[in-house]
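**Q** Quick one, what's the 3D model for this:
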Amino acid sequence: MDTTHSTLVQTFVDFYRERGHQPLPGDSLIAPPGDPVLFTTAGMHHLTPYLEGRPHPLGNRLVGSQRCLRTTDLDEVGDRSHLTVFEMLGTWSLGDYDGEQSLRWGFELLRDGFGLRPGSLHATVFGGDDVLGPDTESLEVWQDLGVPVEPTRGEENWWSNGPTGPCGPDSEIFVWTGDGIPSGTPTTDPRWVEIWNHVMMRYRRHDDGTLTPLPQRNIDTGLGLDRLATVLQGADSVYGCDIFASWREVVTQHWDLDEREQRIVMDHLRSCIAIIGDCVLPASGGRGYVLRRLLRRVLTILWREGRPSFTLGDLPIELFAETLDHFHRLDFPGGPETVRSVVTDEERRFVGLCERGRRVLSRFSGSVLSEEDYSFLHETHGLPREIVDLLRRQENQSNELIHSETASVI
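**A** Here you go, the predicted structure:
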């Protein structure tokens with residue numbers, strides 16, 4: 001079958017349209033007012049009122065593709081499966097069908113629509129906690145379908161929007177990405193990679209931690225497009241699938257980075273373009289600070305040994321356009337050129353910050369910085385730890401070069 005990411009999206013949407021689901025347009029990365037998160041981290045954020053009982057204008061069966069951004073996994077970005085910004089394929093039943101139907105349809109699509117072998121799948125289900133018993137319904141569905149299933153305790157298979165709000169037990173579907181016959185379970189072997197989560201959203205959690213049933217029993221599922229494409233295309237990581245093809249070509253051609261650094265640069269630059277595409281600008285707080293932090297992390301990598309010959313301003317405009325198009329933001333005011341100008345302006349700010357930082361750090365030359373020093377540099381001079389460390393490394397490299405050249409002359 002054709003496994004290009006655009007075809008996978010169409011296959012997903014068509015499957016559920018045939019089963020009475022109405023397509024949703026992708027919504028903003030900006031979470032709706034009152035939501036506890038800065039950015040949309042899952043497809044359900046913009047559907048919260050309807051999960052709580054308000055009738056949806058398109059009906060009670062929905063399907064769509066939603067751009068999402070998560071910073072909770074930032075330290076894991078650069079491994080085989082984690083991204084900051086990604087596309088989430090989703091389905092919703094607003095008080096209509098139950099969890100059993102959702103799981104059976106999910107299995108059917110993975111097997112018959114995407115061609116995954118049942119033997120390459122493994123599921124986990126909510127095994128209960130101190131308040132609620134195990135999700136025996138989902139457990140029995142997987143057993144009936146012949147898919148290995150593992151009950152987990154506590155929060156492993158419990159999904160919530162935040163400390164309060166809609167929540168419920170979930171069943172996660174994993175696919176085997178290792179060589180040979182699958183072994184172990186998702187909690188014992190990292191070669192099992194989660195691709196799809198089916199949430200039985202039945203409860204509301206209150207400020208005091210108690211749970212009460214929602215007015216209706218909902219289903220909320222999310223399947224990561226990047227991970228699905230990776231598996232079906234036989235790529236070694238999400239960065240190896242077709243979604244990253246253009247970025248791989250440019251990054252590997254112009255910057256001498258190790259594999260993890262290449263992945264971080266690709267991920268963060270795509271994330272920044274997506275954020276700017278939702279009309280967020282770099283700032284010292286809130287969403288703008290997330291954008292600035294991602295850009296500075298990229299620049300810290302690229303400027304590690306001094307000014308690179310190929311800068312962010314040299315990136316082809318086609319990369320900006322392609323990324324905006326992928327995240328459904330080609331209508332962004334000003335288009336790709338405006339996005340690139342925001343990125344290059346921030347790069348200039350970074351250069352200015354580094355120049356000022358060198359002057360400030362000259363007072364600390366040769367000394368070991370304490371936590372108090374780092375706090376002082378950040379709070380008084382606006383120098384975050386990663387930039388301080390970058391400038392210190394550059395200073396040490398410069399001193400080592402001088403000593404080496406002096407020794408060779410002597």
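
**Q** low-confidence ranges in this structure?
**A** Counting by pLDDT under 70, the chain contains low-confidence residues at 396-410.

**Q** For it, which segments count as strands?
**A** 22-24, 61-69, 85-93, 121-126, 149-152, 158-160, 165-176, 192-205, 211-224 (DSSP state E).

**Q** so which of these gets nearest residue 309?
**A** With CB to CB, the closest approach to residue 309 among the strands of the chain belongs to strand 85-93: 27.5 Å. Yep, even glycine has a C-beta here, placed from its N, CA and C like the rest.

**Q** Can you give the distance of the closest one from its chain's centre?
**A** Averaging C-alpha coordinates over strand 85-93 and over its chain gives two centres that are 12 Å apart (CA atoms, centre = their mean, to the nearest Å).

**Q** How much space separates the residue nearest to the spatial centre of the chain from residue 374?
**A** Nearest to the mean C-alpha position of the chain, counting by CA atoms, centre = their mean, stands residue 84 at 3.3 Å. To residue 374, residue 84 is 25 Å away according to CB to CB, to the nearest Å.

**Q** what are the phi and psi angles of the nearest residue to residue 287 once chain neighbours are set aside?
**A** With CB to CB, 6 or more residues apart in numbering as the criterion, residue 287 has its nearest non-adjacent residue at 4.8 Å, and that residue is residue 280. For residue 280, the backbone dihedrals (degrees, to the nearest 10) come out as phi -100, psi 130.

**Q** Near residue 280, how many other residues are there?
**A** Per other CB atoms under 10 Å, the neighbour tally for residue 280 reads 20.

**Q** Check the gap between residue 385 and residue 306 for me.
**A** Distance, residue 385 to residue 306, using CB to CB: 20 Å.

**Q** Counting neighbours, go ahead and name the busier of the two.
**A** residue 385 (13 against 9).

**Q** quick one: that one from residue 374, how far?
**A** Counting by CB to CB, the gap from residue 385 to residue 374 is 5 Å.

**Q** what are the ranges of the helices in the stretch 1-150 of the chain?
**A** Secondary structure of the stretch 1-150 of the chain (DSSP state H, counting those that start in this stretch): helices located at 5-17, 48-51, 99-108, 136-145.

**Q** Check the gap between residue 103 and residue 218 for me.
**A** From residue 103 to residue 218 the distance is 15 Å (CB to CB).

**Q** I meant to write residue 14 there.
**A** Counting by CB to CB - residue 14 and residue 218 are separated by 23 Å.

**Q** One more: residue 113?
**A** Counting by CB to CB - residue 113 and residue 218 are separated by 23 Å.

**Q** Tell me how many other residues crowd residue 213.
**A** Neighbour count for residue 213, taken as other CB under 10 Å: 10.

**Q** oh sorry, the question was meant for residue 142
**A** Using other CB under 10 Å, residue 142 is surrounded by 22 other residues.

**Q** Give the full set of residues in contact with the nearest residue to it once chain neighbours are set aside.
**A** Leaving aside its sequence neighbours, residue 142 sits nearest to residue 149 (CB to CB, 6+ apart; 3.9 Å). With contacts defined as CB atoms under 8 Å, 6 or more residues apart in numbering, the neighbours of residue 149 are 122-125, 138-139, 142-143.

**Q** ok, so of those residues, who is nearest residue 243?
**A** residue 122 (24.7 Å).

**Q** wait, isn't the closest one in contact with residue 188?
**A** No: contact between residue 122 and residue 188 fails when scored by CB atoms under 8 Å: they sit 10.6 Å apart.

**Q** More neighbours: which of those two?
**A** Set residue 122 next to residue 188 and count neighbours by other CB under 10 Å: residue 122 wins out with 22 against 9.
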